[in-house]
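**Student:** need the 3D shape of this:
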Amino acid sequence: RRLGGRRLSTQKAPVLFVPEMAKSLIGHFLGAIRGTAQYRKTTFLLDAAGEQVFPEFVEIIEQPRLKGGMGSAPFDDEGVATRERALVKGGVAQGYVLSSYSARRLGLQTTGNAGGVRNVTLSPGADDLDALCRRMQRGLLVTELMGQGVNGVTGDYSRGAAGFWVENGELAYPVEEITIAGNLKNMFKSIVAVGNDVDTRGNIRTGSLLLDEMTIAGE
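**Tutor:** From the prediction side, this is the model:
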């Protein structure tokens with residue numbers, strides 16, 4: 001299906017990330033609320049606890065004791081007991097990802113995250129990928145990302161991409177050699193739907209993500 005890929009004209013359009021690519025967006029959020037980034041003030045989500053980061057329907061939960069989970073562990077790397085907690089509730093960031101050291105630097109308590117997060121799950125919506133394409137009607141379906149053009153301090157996002165152009169809710173033709181760009185703060189708030197096609201093959205578990213608009217740079 002990817003043979004004969006085309007470039008697109010430069011434009012703004014909705015963008016739909018398949019689950020394997022959507023994981024990276026959630027990963028950027030997790031990196032931004034890490035205690036290290038917070039006390040060093042090197043994050044675009046500085047002091048974001050209690051702020052509306054996502055739309056109200058977005059819920060993100062950490063489940064470190066999930067049976068059979070890829071990242072499950074009863075203790076973190078410092079021996080602190082892990083526990084289930086909401087990282088995002090009603091679209092609002094509930095706190096940070098802290099080890100004992102980063103917690104002390106911020107005057108807070110450890111969250112049992114020395115060594116990172118464990119089984120982070122974005123609550124799924126009702127639609128599968130085909131339904132999200134129909135909802136998008138016209139836009140870009142991203143199946144591959146390239147490059148490292150993400151600034152964790154400003155949130156500026158620019159990465160090479162490939163996938164399919166969608167017309168009238170159906171895959172029209174493959175596309176390649178394009179760049180998608182935006183700012184992560186705006187991108188998080190522009191999420192309009194989460195798919196039910198959750199990919200559980202990893203530590204971040206999410207379905208497809210449909211964003212209202214991004215800049216697509218092509219010809």
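**Student:** ok, longest strand in the chain?
**Tutor:** Determined from DSSP state E, the single longest strand within the chain is strand 170-183.
**Student:** may I see the buried residues of that one?
**Tutor:** Judged by neighbour count using 16 or more other CB atoms under 10 Å, the buried positions of strand 170-183 are 174-176, 178-183. Where you see a C-beta, it was placed from the backbone N, CA and C, and this is true even at glycine.
**Student:** cool, and stretch 145-165?
**Tutor:** Neighbour-count burial for stretch 145-165, counted by 16+ other CB under 10 Å, picks out 145, 150, 152, 155, 157-165.
**Student:** what's the end-to-end length of that stretch?
**Tutor:** One end of stretch 145-165 sits 15 Å from the other (CA to CA, to the nearest Å).
**Student:** contacts only, for Gln148.
**Tutor:** Counting by CB atoms under 8 Å, 6 or more residues apart in numbering, Gln148 touches Arg159.
**Student:** pLDDT weak spots in this structure?
**Tutor:** Residue ranges of the chain with pLDDT under 70: none are present.
**Student:** quick one: the strands in it?
**Tutor:** Along the chain, counting by DSSP E, strands occupy 11-17, 60-62, 85-89, 92-93, 120-122, 139-146, 156-167, 170-183, 191-194, 204-205, 209-217.
**Student:** Gly79: neighbour count?
**Tutor:** Number of residues near Gly79 (other CB atoms under 10 Å) recorded here: 10.
**Student:** I meant to write Phe54 there.
**Tutor:** Look at Phe54: counted by other CB under 10 Å, it has 21 neighbours.
**Student:** show me what contacts it?
**Tutor:** 60, 88, 91, 188-189, 191.
**Student:** and the angle from the longest helix along the chain to strand 11-17?
**Tutor:** Secondary structure of the chain read by DSSP state H shows that its longest helix is helix 19-32. Interaxial angle, helix 19-32 versus strand 11-17 (axes from the mean of the first three to the mean of the last three CA atoms, to 10 degrees): 100 degrees.
**Student:** send the alpha carbons of helix 19-32 over as CSV?
**Tutor:** Extracted C-alpha coordinates of helix 19-32, given in CSV (Å, rounded to 0.1, in the frame of the first residue of the first chain):
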residue,chain,number,x,y,z
PRO,A,19,-1.2,3.8,18.0
GLU,A,20,2.4,3.0,17.3
MET,A,21,3.1,6.7,16.5
ALA,A,22,0.6,8.1,19.1
LYS,A,23,2.8,6.6,21.8
SER,A,24,5.6,9.1,21.1
LEU,A,25,3.2,12.1,21.7
ILE,A,26,2.3,10.6,25.2
GLY,A,27,6.0,10.0,25.7
HIS,A,28,6.7,13.7,25.2
PHE,A,29,4.1,14.6,27.8
LEU,A,30,5.6,12.2,30.3
GLY,A,31,9.1,13.7,29.7
ALA,A,32,7.7,17.1,30.3
